[in-house]
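model this:
(2 chains)
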Amino acid sequence: MQVNIYEGIKMDNVMTLTQLPQGTKALIVSIQGGHGLIRKLNALGIREGVEIQKISTGIARGPVVIRCGNTEAAIGHGMAQKVFVKKK
Amino acid sequence: MKILLMGNPNVGKSVVFNRLTGVDVISSNYPGTTIGFTKGCINIEGNRHEVVDVPGTYTLEPTCKAEEIAVQMINEGDVIINVIDSTNLERNLNLTLQLIKQKKPLIVCLNLWDETKHTGIVIDREKLEKILDLPCVPCCAVTGQGIKELVDKIAEARLSRFNFNPSDRWNVIGGITDKVQRITHKHHTFMEKISDISIRPLTGIPIAIGVLFLTFSLIRFIGESLIGYVFEPLFENIWSPLILKLSALLGGGGFFHDLLVGKLIEGQIDYGQSFGLLTTGLFVPLGAVLPYVLGFYIVLSILEDSGYLPRVAVMVDVIMHKLGLHGLSIIPMLLAFGCNVPGALATRILETRKERFISATLMSIAVPCMALQAMIIGLIGKHGFIGLGIVFGTLFVVWLVLGIILKYTVKGTAPEIFIEIPHYRLPYFPGLLKKLWMRMKWFLKEALPFVFLGVVLVNLMYSLGIIQLIGKGAAPVVSTLLGLPKEAAGALFIGFLRKDLAVGMLAPMHLSLKQLIVASVVLSMYFPCVATFTTLIKELGFRDMMKSAAIMVLSSIIVGSLLNLILFAL
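Prediction:
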């Protein structure tokens, strides 16, 4: 599967999950969080290299909802800011 | 032999458990319905085996308390049934691979098998069996399909010889799903579209308000229809004549007469005022409260099984964080509207002590149970809608203000929300009925003994003059601060047993609307009923419960006095 995920990525295409526009698909390039956060997300299959689609952003720094494979998950705003994605 | 049911949250372990053991546990369509663990038994070829419904876990590297419990329980098990959501094979296999490394005999149950057909997923079961080197049984637990095959194959559970590098798990899984799973059509399904619009704030919030409105209307409609067309005619036309005969038989007076029948009002039975075991004692739980409780649980069960509630949790997350909680705490709050006891138990889905303390306290203070609400509606509703509006509006403001205060005073953190959002599912009707039946049975078992005990106590206390004594002692608070008659203290006393009965005691006191409002608010807030109280001691621990109780008493006196002042000034 994905090994060289950083290859050919222009940095201006990389943004946090919170910045990603609603409805867009993206690849997760990196999760800039502690071990706990990475493990938590990983348990649901949300990890570097996978494709996700952003479903919605809550108002007033509300949770971000994404679809990842057949799983939908709501992620708190603070956590979502630590997830960097590359728009497809 | 001890059989463990393990799997991701919300894959239907509890439904499989119900099917295997016949023990009834509540299942819903959101993660975390099973918080502790439930045990039951199953007979396989004449041998009794214990079955344990383990809380759902995504991984064996625990990320929360429920998962820690699940991991600890592995050591106790002899056989593990890994329940899988077939519509989400990839994510579920993550746990399966971890379970394989646990070196316990394992069998895989491919639950929700029927749903793969609608979603265009084709799974090659035989190939999966071969790769995992484990028996894999397709099943649909809600209808019971495949359960017999699962039971037959439990004996074939075995240690898998499937070898892989654990640190490369997701790639291994990718390899497996590539081989065994074919997705025939992957376009936006109808359900996915509904899912999206009901969670996006712009469309989701109006939908939520609509659902809330519909919920209340439905509960009212069911409650009022049942009372008007079923329970009142039953009590008035069939039960009353019987009781009047009994009354005559007992001589129309005396201690036993008053205990069973109560006081006759102008020679007739008044179910609100007579206060005998067979009159008010039966009417309050059955005639006044049960219809609304039934209405509430019908609507709640549909909401639960459809999968809508986690979406509400996501939308209210921002507000709940202002109260030191997070979105998911809407679930204990909602359950508490039915009865505070299941609400208190559901605080376990929250991770930190701070969240559990705040949600338990707010729930006990500001969320009146259906029984209490039904009585308040019966008593104040007669005077029009404004009185009810003031009562529920006050409780809502208390909920908000107290929540904000507690957020800044209770030590600890409220973690950010991180939940899986289940797919919408059409509730399975027989399952719904069963859940409703369980809840009604539970309600009657909880309510009837306490109401009866309460009625006996009320009679004893009146005839021994204890009520008057309590009234005198509590007069400074009850009369001076709250502006209620002294006898209302007796209702506060009985409210510890059953709050619905306590509101019932207010009926014969001829209170003014203002007094009724103050009394209803104070009764809702001042203390939990004994059933909730004992549950909360178990959930929070004795010390935290004492703190919580102090907050309840204090805030009810403050709010009651303020309300009395404001209403008096108007």
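
What residues does chain A have near chain B?
Residues of chain A lying close to chain B (Cβ under 8 Å from any Cβ of the partner chain) are A:1, A:22, A:36, A:39-45, A:47, A:55-63, A:65, A:69-79. Bear in mind the C-beta positions are built from the backbone N, C-alpha and C, glycine included.

Go through the residues of chain A and report the one nearest to chain B.
Chain A approaches chain B most closely through residue A:76 (2.5 Å), counting by Cβ to the nearest Cβ.

can you name the farthest residue from the center of chain B?
residue B:251 (45.3 Å; Cα atoms, centre = their mean).

let me redo that: chain A
residue A:60 (19.2 Å).

circling back to that earlier point, tell me the secondary structure for the residue lying closest to the residue of chain A closest to chain B once chain neighbours are set aside?
Leaving aside its chain neighbours, residue A:76 sits nearest to residue B:416 (2.5 Å; criterion: Cβ to Cβ, 6 or more residues apart in numbering or on different chains). Three-state assignment for residue B:416 (DSSP: H, G, I helix; E, B strand; the rest coil): coil.

picking up where we left off before, helix or strand for the closest residue to the residue farthest from the centre of chain A other than its chain neighbours, just tell me which one.
For residue A:60, ignoring the flanking residues on the chain, the nearest one in space by Cβ to Cβ, 6+ apart is residue B:318 at 5.0 Å. Here residue B:318, judged by DSSP states H and E, is contained in helix B:309-322.

how close does the residue farthest from the centre of chain A sit to residue B:446?
40 Å (Cβ to Cβ, to the nearest Å).

Contacts only, for residue 25.
All of this refers to chain A. Taking Cβ atoms under 8 Å, 6 or more residues apart in numbering or on different chains, we find residue A:25 in contact with A:51-53, A:87-88.

Chain B, not that one
B:14, B:17-18, B:34, B:38, B:53.

try residue A:35
Per Cβ under 8 Å, 6+ apart, neighbours of residue A:35: none.

Which parts of the stretch 401-550 of chain B are strands?
Using DSSP state E, counting those that start in this stretch, the strands of the stretch 401-550 of chain B run over B:418-421.

Now it against chain A: closest residue?
Of all residues in the stretch 401-550 of chain B, residue B:416 sits closest to chain A, at 2.5 Å by Cβ to the nearest Cβ.

Might one say that that residue is in contact with residue A:74?
No: contact between residue B:416 and residue A:74 fails when scored by Cβ atoms under 8 Å: they sit 9.7 Å apart.

more neighbours, these two?
Neighbour totals were compared for residue B:416 and residue A:74, and residue A:74 leads with 28 against 18 (other Cβ atoms under 10 Å in any protein chain shown).

Tell me how far that one lies from residue B:568.
Counting by Cβ to Cβ - residue A:74 and residue B:568 are separated by 46 Å.

Residue B:211 now?
Per Cβ to Cβ, residue B:211 is found 38 Å from residue B:568.

So those two - more neighbours on which side?
Neighbours were counted for residue B:211 and for residue B:568 using other Cβ under 10 Å; residue B:211 has more, 16 against 10.
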